[in-house]
Every structure is written in structure tokens, then in C-alpha cells.
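**Student:** please work out how this folds:
(2 chains)
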Protein chains: 2
Amino acid sequence: MLAQELFLQNQQSILDDYFTFLRFPSIATDPQHLSDVRACASWLKQWMMTCGLQVQSWHEDSIPVLLASDLRAGPHKKTLLLYAHYDVQPVDPLELWTTPPFEPSLREGCIYARGASDDKGQCFYTLCAIRDFLKQHGSLPFNLKFLIEGEEECGSEGLESLLKTHAHHLHAEDLLVVDSSLEAPEQPSITLGARGIISMTVTLTEGAADLHSGRFGGLAINPNKAMVQLLSKLHDATGKVAIEGFYDDVFPPSAEELAALSCEFDLTAFQDAHGFTPHGMEQGTSPLQANWFRPTLEINGISGGYAGPGFKTVIPAVTCAKLSCRLVPQQNPERIVKLLTQFLEKHASAHLKLEIAVHQGTAPGFRRPAHSPLVQLVSQSYSDIFEKPCKKILCGASIPIVPALAQASGAEPVLIGTALSTDRIHAPDEHFSLDSFKKGYLTIYRLLELYKESSS
Amino acid sequence: MLAQELFLQNQQSILDDYFTFLRFPSIATDPQHLSDVRACASWLKQWMMTCGLQVQSWHEDSIPVLLASDLRAGPHKKTLLLYAHYDVQPVDPLELWTTPPFEPSLREGCIYARGASDDKGQCFYTLCAIRDFLKQHGSLPFNLKFLIEGEEECGSEGLESLLKTHAHHLHAEDLLVVDSSLEAPEQPSITLGARGIISMTVTLTEGAADLHSGRFGGLAINPNKAMVQLLSKLHDATGKVAIEGFYDDVFPPSAEELAALSCEFDLTAFQDAHGFTPHGMEQGTSPLQANWFRPTLEINGISGGYAGPGFKTVIPAVTCAKLSCRLVPQQNPERIVKLLTQFLEKHASAHLKLEIAVHQGTAPGFRRPAHSPLVQLVSQSYSDIFEKPCKKILCGASIPIVPALAQASGAEPVLIGTALSTDRIHAPDEHFSLDSFKKGYLTIYRLLELYKESSS
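**Tutor:** This is a model prediction of the structure:
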């Protein structure tokens, strides 16, 4: 197989460049890393230009959005748009990393680094496959665009504004979002939908400074206590969100949807992979139901007072919590933000100052039909590479930009990727296996071949 | 007045040495500062020896306890024992300090530094007064001992073990604990009692690593959510601790006790000083009642997941909380630890790992009679310096070592000090006014004069 040979020939330089890509601490959510994010984009742009792609970039003064194109087929031919991102999640708790997050380390067939899987790894095998595919072809019956943004992990603000003003640059028939994962190792799967997301920071403040817990204990309202009491009201005893109206637009999946999806949940495999048993479901809900078809409300972070080594007898001046909801398709994100805000305002202590800051990246969930031509082609590519039938699944996570990107480009979206749920994305010791990287490369290469055939 | 003149003569060198004392980051609760704690003790020992005091030290390989003595009166005379501490609280949140906590800064008549008030400031004016008083006298009708420990803020482990093995070194008739505060600026007061304390670290752990809140949201139990729900059960809707048996040994003060105490609470002065209105009392309880005669249960710290800038879509592997109780005299600390532990074990999610670590420094509360000879002498010293009658008050904070120290030395304890509740002890921008420092010096000097007269 040609792609196999090409990969083996180029493997060393591919890995070298992938490691360089991983060394940029491109944490877009943290303003301190802005220059690292830009340096990463600049390196990536240069790399793509060296491959012979035309590259446009926007927002170079903040967080660049890159669009690489090969338009050799001409304006009257079909266009395939791909999407990935070069920004990564923050890295703390840093002490739990075996090797530093921005010094990629190859151990037992896996590359350990922040972004190794999500999404620099997937972005980079896609780029390498495109480069090698294009080199093999003089003329092509389709155009190709690859959109790579730098704010996926913190709200896609730059890309969203671009979609409003430059949507015509992104026009395409088909959209491949390369930021998803396989259902299980060696089990190819296409993701037909994802949940939406809203997130916010909630703070409760008393005075201007922390207080001595003896001298003021019994007098001052402890913001930690007030926060704990406030947040404890968000869920009822069955695990359901206790905000009135929260489930108004949550509907069970149709029989047709269920039939098209692979709905097995392997409890033993889950336990082996993650080291715990799923017990967080709403009462009477199965794990897959809870993750695919039900919204959530999580406390992603909480911090107030002194929680370091030893002990400090303090009543904090301020306590902070980070909340987020995963939403199913019919739920309107703005409405959920409003309901949650009203709930917090209603139940917070009247004697403390409540502040709510809604984050960028609010997005609805979506589910796409299982029988589009692109789904067929991707399915075929996966089965060719993995030598197994490809499953159709949903994803409990969010890729906030997908609904907006599909609308702006006019393209039908499909989510793919060879990441695994055991890659520890967003966590210490994130990693990506060399095998996953190679399979990703081969799948993209195969898909381009099939797309070419179908476009001729 | 002689003491006035002595202070003015020595002021510059006193301040220089006080600043040197403050520069040691003697945070005993943090193992990283162990060498700083030792360096501080070593400097202090040297300083006291230079003053002509005999100094013994114990636990020099860990956190030293120092005992300075002047025994010129001989073994058949009365002994006055004083107590202070040279360790300080941790300093975070560091960003809220106007100037660095271990670079003392004199601004508008106040010295800003960690420990400026609690307790290095009070320790040092006491030392200077003792030095200057002793220089003025050839023979004396009483002996003097000054015990200075380095673990007051984290449990007094070293001193407690010393009390068991070397109590005879501390034998005294009277005990002055110089770690307390005035009721208000210019209002002298003696503290006749303090609350006890217990503290613990509580952790809830799920798996080995943080999880992606989309991919695992709905499946995993979020330890933040479980912690919030657990801690919200600690108090009922009226603000009372909801642990059965917690108030079994809590009794209202006797009419006699109340009559001896100054029980006014100046709400306006409190609001002006602290910038908030006390709303944290149990329902139906006045501020002073709540702070003096009722126990508390506080969440001193809570931390789980990502609470930094931006947002991180994480379900944490572990969440931690620091809890403490302030106890009134009849409450048995060991019993309260047991009740709290049982409550947490009963109500914590059975699917998470609960760990409870009880900290050093467990101590009962105490209240002493208002009419002892030492109380009379201290009262007189205060009125002489402040030219106002001295009040008797209680303290909501804890000085855990006092009951044990009183028992081991055989001395009647009295708590004094010219600190103010606005000194921001344990908080950013801790400070001590030069005036408070001077008044402290003069009060100790005057007390030594009166103690001499009464001993003759």
C-alpha cells in the first residue's frame, strides 16, 4: 500500500516535526501564553507553506486562525473542508506529569505531551497525509481546505468572528472535523453528534481581606460555606439538575437514531481503562444514556481559602467556582445560562457579593444523520484501514464550533479521529500512541483517495 | 517616665532588630521553610544571649523551643513566666500583599510584614522591655522566664512534648501569654479565656487522574459535587452545626462571668474596621455570644479541579477541604473530632475514597477567673499606660498551648497584648502600628515594675 510506504519513508521527519509542534505551550485560555500561541501558529503556517499549500491567516495580532488550501481543481469542483486546532488545555496539576508537558517523551510506543492527542496529534497526522497525498497527484477532481484554529479549548472567539465576515473563504460541500476519538482501540467509529456547552465563573465575596477564623468565627459569613450551600442546591437527591426548566427541551432519542448508533457500553473495558466504576449517572439512567442523551451540570473547579500543606485558620474573603453544562441538541445555550444565573441569584446569600462571568464558547449540541455520502466514504476508509466495520457513535464532549462552522461553510459535518478515551486528554500525562498516529494518517490518506474517486 | 525615655533612646536599634526578626520566613506549617524557621530561632537565641539572658533550647534538629531566663532572685522567690511565638502563618494569596510579606515596610506609622503583629511584634516588644528593665536593676525579688516557641500556628508539637519531659524548667507562679489583642484601639483589655480548636483535612478521591468533563460527564461522580453536598450537610438552615451531640457540652455563661466581662459590641466600629456587617451568627445569637460562647465549624479551605484564569473542562480526580472547629471550654476536643469524623463517614458518597487527616494542635478552650492577683497587676499596668480603666474580655480565637502550659508550669495564665483586630493577622497586609509596639513595650515594662513591688 502506497500510503504505508510513504509513512515509513517519512516517519522520522514526521515525528521530529510533530515533537516541535508539541513543544509550543499553546495554552490559549491563559493570557500569559499568548506569545507561545502565536509562535506555534507561525511555525505551523511556515510548515504548511513549505508543503506547497497556500495559507491565509487572520487575527495575527491576537490568536491566529489559519486556512491552508489546495484549489487546483478549480472553482466549479467540489470542496472538502477539514478542521483541527493547535491550542491545548492548561497543564496543572503539573506535579502529576511523569515528564514535563511541553517536552514530548516517547515511552512504550506512546508520545507523552500536552496536545499529543488533543488536538495537535490529530491535526498533524492529517496535515502529513494531505501533504503526501497531494505530492502524488498532478491534477485532482476536488479542492481541499484545512482550517486550523487556536481557540478551540476556550471558546473559538476568533473563528466565530471570522465565520461572520469571511464565510465565503470556507465554502465547501463536506466538512471533516478531526478532533474526535474511536469508540475503542482498533474499533473504528464515526461521531455523528456532540453535546453543547456553556460555562461560567461564580464568585462569592465578603470583605476585602481574608479573616482570622477564631477572631471572626461565628460573626462572618464564610464564603466557602455559602458557596458549598449554594452549589449543593444545583442537584436533587437523584442526581438530576434541580433548576426549574432545565430539562424542558431534553427529549429521548428516536428509534431511528438509536438503530443507526452503536449503543453497547462495555463496563469491564471502562473499568479497566479508567480505574473506576461509573456511578455518576442520574438515577435510572444507563452510562451511555447519561453521556449521550442527557445534559449535565458540573463543578469543574472550586477554590477558596487555604488548601495547601498544613493548615491556615482563615475565613476567606472570596470563594470561586467554575461551572459548566453539557447540553443536548434542542437545549438553547442562552436560555440555560439565564436559568442557571437566575437560580444562583435566587439562592445565594444576600449578604455576600455574587458575581457571575459567562465564558466564551457557548455552543449548542448537534446530531447529524447517519446516511450522508460523506459518512459512507469515511466509513469505508476506516474499514479499509482497520479491517473492521465502522461504528456510528455520539460524543458526550463538545466541539462548540461545529454547528456554526457547518452553517457558515454550507457543508455537512462528520467528526472523526483516532484518539482514544484513555489518552488522558485535558489531564496530566496526556499521550497518543504512535499506532494511533499512523492509523490516523492512513485513514485520512485513504479517505482522500476515496473522495477523489467519488468526485471524478 | 523612665521607660518612655529608654524606648526613645533605643528606638532605632529596636526597629532595626525587629525588622531583621520579621525578615525570616518562619512558616513552621510548611516543611519547605524549615531552614528559615531554624535560622529565625538561631538569630533570636543569639539576640537574647547578647542581652545577658541565659538561653536554653530544645528540638534544635527540628523546630527549636527557646527558654530565656533571669534567675537572679534565687530558687526561693516567685517566678513570672512569659510566653510568645516566633513562627508565622503562611502568606498566600501573595498577590494581595501591597509589599512582600518578608520585606518589612514602614508606611503611615505601621509596619507591614507577616508576623508584624502575630506574634513577632508582640514577642519583640516584650523582649525589649525585659532587656531594658533588667539593665536598670541589680537585684530583683522575682525570677523571670520567657518561653518562645516556633509551632504556635501549627499545633505546638515540640512544646507539648517538652511539657511532658521538662515541665520543671517552666515552673512559675504566674503566666503571661503575650499573643492577644486589645478590645479596641486605645482601649486596654485583658483576655480571660479563648476557644479551643480542632482541625482536619478531608479529601474525596475518585480515579487516578482528572477526567474530561464532556467525555465522562454524566458517568463519573464529580468529587467537587460530592464534597459540596457533603459539606453542605454540616450546618442546618439556622446556621447551627448539624452534627448530633456537637452542642452537648455547650452551656451559657454564668451571671458572674458575664458581670466580670465587658460585653458591649460596637457594630459601627466593627463595620468601619472590617468593611462588612456580621451576618454569620447562628439564628437568634448576638455577635459577641457567637464569638465567645458558641463553638463553630468552618470550612477554612476548599480546592478541587481548575479554578485559575480561563476555564478547564475537567472533572477532578480529587477534592480537598480543610475544616476546623472552635470549641468552648467544656467541649472535649477528641470527642468533637470523633463526632465530625463519624458524620463525614456517614454522609460521604460510598463510591469515592474518603480520607480524614486530623492536624496537630487540638486543644480545649478555657476561661479563667477575673480576680486573680496577676489580673489585678496587669489591669493596673494597662490603666497606667493607656490612662483608661482596663476591660476584661474573651477571645474567639485559640491559643492551644495555654491550658497545657498553665498545667505544666503550675502558673495562673493571663492573656495580654496590644495587637488590634484590624491588624490583618493571618491575612495579606498584616501590620502592627508603631504606637501599638510602643504601648506594648511600656505596658510590659510597667507590669515588671508593679510585679517587683508586689514581690518585695
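**Student:** so where's chain A uncertain?
**Tutor:** Low-confidence segments of chain A (pLDDT under 70): A:1.
**Student:** quick check: the closest residue to chain B within the stretch 351-456 of chain A vs A:I416, distance?
**Tutor:** Residue of the stretch 351-456 of chain A nearest chain B, by CB to the nearest CB: A:A397 (2.7 Å). Glycine gets a C-beta too; all of them are placed from N, C-alpha and C. Distance of A:A397 to A:I416, given as CB to CB, to the nearest Å: 14 Å.
**Student:** okay, the two: which has more neighbours?
**Tutor:** Using other CB atoms under 10 Å in any protein chain shown as the criterion, A:A397 and A:I416 rank with A:I416 on top: 29 against 25.
**Student:** residue contacts, the more buried one?
**Tutor:** Neighbouring residues of A:I416 by CB atoms under 8 Å, 6 or more residues apart in numbering or on different chains: A:176-178, A:180, A:190-191, A:378, A:382, A:443.
**Student:** ok, which pair from those is furthest apart?
**Tutor:** A:V177 and A:Y382 (15.0 Å; CB to CB).
**Student:** residue contacts, the residue of the stretch 1-150 of chain A found nearest chain B?
**Tutor:** Closest contact between the stretch 1-150 of chain A and chain B, by CB to the nearest CB, is at A:T29 (3.1 Å). By CB under 8 Å, 6+ apart, the contact list for A:T29 reads A:87, A:89-90, A:153-154, B:309-312.
**Student:** you'd agree A:K439 is up against A:T418?
**Tutor:** Yes: A:K439 is within contact range of A:T418, at 4.9 Å (criterion: CB atoms under 8 Å).
**Student:** once you drop chain neighbours, what's closest to the residue in the stretch 101-250 of chain A that chain B sits nearest to?
**Tutor:** The nearest approach of the stretch 101-250 of chain A to chain B comes at A:G214, 2.7 Å away (CB to the nearest CB). Computed as CB to CB, 6 or more residues apart in numbering or on different chains, the closest residue to A:G214 that is not its neighbour in sequence is B:A397, at 2.7 Å.
**Student:** how about the secondary structure of the one you found?
**Tutor:** With DSSP: H, G, I helix; E, B strand; the rest coil as the basis, B:A397 sits in coil.
**Student:** ok, now which ones touch it?
**Tutor:** By CB under 8 Å, 6+ apart, the contact set of B:A397 is A:212, A:214-215, A:217, A:313, B:194-195, B:326.
**Student:** hang on, the earlier thing: which one of A:K439 and A:T418 is surrounded by more residues?
**Tutor:** A:T418 (31 against 20).
**Student:** quick check: that one vs A:F437, distance?
**Tutor:** A:T418 is 8 Å from A:F437, by CB to CB.
**Student:** okay, and the common contacts of those two?
**Tutor:** Joint contacts of A:T418 and A:F437 (CB under 8 Å, 6+ apart) are A:Y125.
**Student:** how about A:E355, secondary structure?
**Tutor:** Classification of A:E355 by three-state DSSP places it in strand.
**Student:** next, count neighbours for it.
**Tutor:** Residue crowding around A:E355 was assessed by other CB under 10 Å; the count is 13.
**Student:** ok, it - contacts?
**Tutor:** If a contact means CB under 8 Å, 6+ apart, then A:E355 has A:202-203, A:205 as its contacts.
**Student:** need the residues of the stretch 351-456 of chain A near chain B, please.
**Tutor:** Within the stretch 351-456 of chain A, the positions near chain B by CB under 8 Å from any CB of the partner chain are A:351, A:359, A:361, A:395-398, A:421, A:424-429.
**Student:** hmm, try it at 10 Å
**Tutor:** With CB under 10 Å from any CB of the partner chain as the criterion, the stretch 351-456 of chain A comes near chain B at residues A:351-353, A:357, A:359-361, A:395-399, A:421, A:423-430.
**Student:** filter the residues you listed to the buried ones?
**Tutor:** A:352, A:359-361, A:395-399, A:421, A:423-430 (16 or more other CB atoms under 10 Å in any protein chain shown).
**Student:** ok, and what's touching stretch A:37-45?
**Tutor:** With CB atoms under 10 Å, 6 or more residues apart in numbering or on different chains as the test, stretch A:37-45 has contacts from A:17, A:20-31, A:33, A:53, A:55-57, A:59-66, A:68, A:86-88, A:115, A:120, A:123-124, A:127, A:148-151.
**Student:** go with 7 Å
**Tutor:** A:20-21, A:24, A:26, A:28, A:55, A:57, A:63-64, A:66, A:86-87, A:148, A:150 (CB atoms under 7 Å, 6 or more residues apart in numbering or on different chains).
**Student:** stretch A:51-62 too?
**Tutor:** With contacts defined as CB under 7 Å, 6+ apart, stretch A:51-62 is touched by A:45, A:48-49, A:64-70, A:131, A:134, A:158, A:162, A:169.
**Student:** which members of these are the farthest-apart pair?
**Tutor:** Among the contacts of stretch A:51-62, A:L134 and A:G158 lie farthest apart (CB to CB), at 26.8 Å.
**Student:** does the residue nearest to A:A184 when sequence neighbours are not counted belong to a helix, a strand or coil?
**Tutor:** Of all residues not flanking A:A184 in the chain, A:A269 sits nearest, at 6.5 Å (CB to CB, 6+ apart). Under three-state DSSP, the three-state class of A:A269 is helix.
**Student:** kindly report the residues of the stretch 1-150 of chain A close to chain B.
**Tutor:** A:29-31, A:89-90, A:92 (CB under 7 Å from any CB of the partner chain).
**Student:** now those residues in a markdown table, with secondary structure?
**Tutor:** Below are the residues of the stretch 1-150 of chain A next to chain B laid out as a markdown table (three-state DSSP):
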| residue | secondary structure |
| --- | --- |
| A:T29 | coil |
| A:D30 | coil |
| A:P31 | helix |
| A:Q89 | coil |
| A:P90 | coil |
| A:D92 | coil |
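**Student:** lovely, talk soon.
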